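> next comes the sequence, and after it the predicted model I'd like to discuss.
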Amino acid sequence: MNLTKGQKAPNFKTTDIWGNEIDLSKSDNQTTLITFFRYAECALCNLRISEIMRHKDEFAKKNIRLITIFESPVDSLKSNVADRHQFGFTIIADQERKLYDLYRVKPSWLKLIQTMTWNGISSALKASKMGFALGGKVEGTFNQIPADFLINTNGIIEIAHYGDSVIDHIPLNEVLN
């Protein structure tokens with residue numbers, strides 16, 4: 001069963017790709033957005049990251065910390081996400097899928113196929129124009145579908161969004177408002 005609004009967010013302790021300890025229970029009085037992606041070279045994931053980066057100042061003003069989770073190994077995340085985007089948010093490598101399982105984030109062939117709509121094709125073309133290679137190295141579950149969780153300062157889920165396709169994330173205006 002999926003997590004829902006009003007539930008206590010499952011806590012976790014882990015390290016980010018730089019070796020820093022990440023403890024979800026230590027919110028430092030911040031709202032937290034947890035975003036589950038596919039893998040480091042996913043063009044559609046990188047398109048979303050570039051969208052987030054355009055709003056990084058708003059994240060800071062609203063005191064929202066962003067935790068991103070990928071299945072890729074640390075080295076790939078450093079070169080394909082952190083270095084490429086100058087990504088100043090938390091990046092976690094979860095190759096064993098422990099956090100995916102904890103948050104019930106599942107792959108789906110049907111939802112992957114549902115990405116092949118006009119919006120999905122348009123997003124793929126936009127990603128390609130921005131220099132994100134379509135068909136990049138798959139370091140994880142190819143049919144992984146994203147999910148996003150907005151967690152308030154008390155550790156309660158405000159929004160639980162399980163994607164219906166590879167491009168389906170919480171709209172950033174909902175996060176920032």
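On my side now, so go ahead.

> confirm Leu112 sits in a strand?
No. Counting by DSSP: H, G, I helix; E, B strand; the rest coil, Leu112 falls outside a strand, being helix.

> quick check, it in contact with Asn143.
Yes. Checked against Cβ atoms under 8 Å, the pair Leu112 and Asn143 is within contact range at 4.3 Å. C-beta: built from backbone N, CA, C; applies to glycine.

> now for the chain, the helix or strand with the poorest mean pLDDT.
helix 83-85 (a mean of 75; mean pLDDT, DSSP states H and E).

> the helix or strand following it pairs with which strands, and in what direction?
Per DSSP states H and E, helix 83-85 leads on to strand 90-93 as the next helix or strand towards the C-terminus. Each strand that pairs with strand 90-93, with its direction, by DSSP bridges: strand 64-70 (parallel).

> please state the offset of the partner strand from the chain centre?
Here the centre of strand 64-70 is set off from its chain's centre by 6 Å, with Cα atoms, centre = their mean, to the nearest Å.

> show the average pLDDT along the following helix or strand past it.
As assigned by DSSP H and E, the chain's next helix or strand after strand 64-70 is helix 74-77. Model confidence over helix 74-77 averages 94 on the pLDDT scale.

> give me the residue at the spatial middle of this structure.
The structure's the chain has its C-alpha centroid closest to Thr35; by Cα atoms, centre = their mean the separation is 2.8 Å.

> so what strands line up beside the helix or strand containing that residue?
Taking DSSP H and E as the criterion, the element that holds Thr35 is strand 31-36. Sheet pairing of strand 31-36 (DSSP bridges) gives strand 64-70 (parallel), strand 147-151 (antiparallel).

> hmm, Arg48 and Ala127 touching each other?
No. Look at Ala127 against Arg48 with Cβ under 8 Å: they stay out of range, at 9.2 Å.

> if I look at the residue of the chain most remote from its centre, how far off is Ile167?
Here the chain reaches farthest from its C-alpha mean at Trp118, the gap being 22.4 Å by Cα atoms, centre = their mean. Separation of Trp118 from Ile167 (Cβ to Cβ, to the nearest Å) stands at 11 Å.
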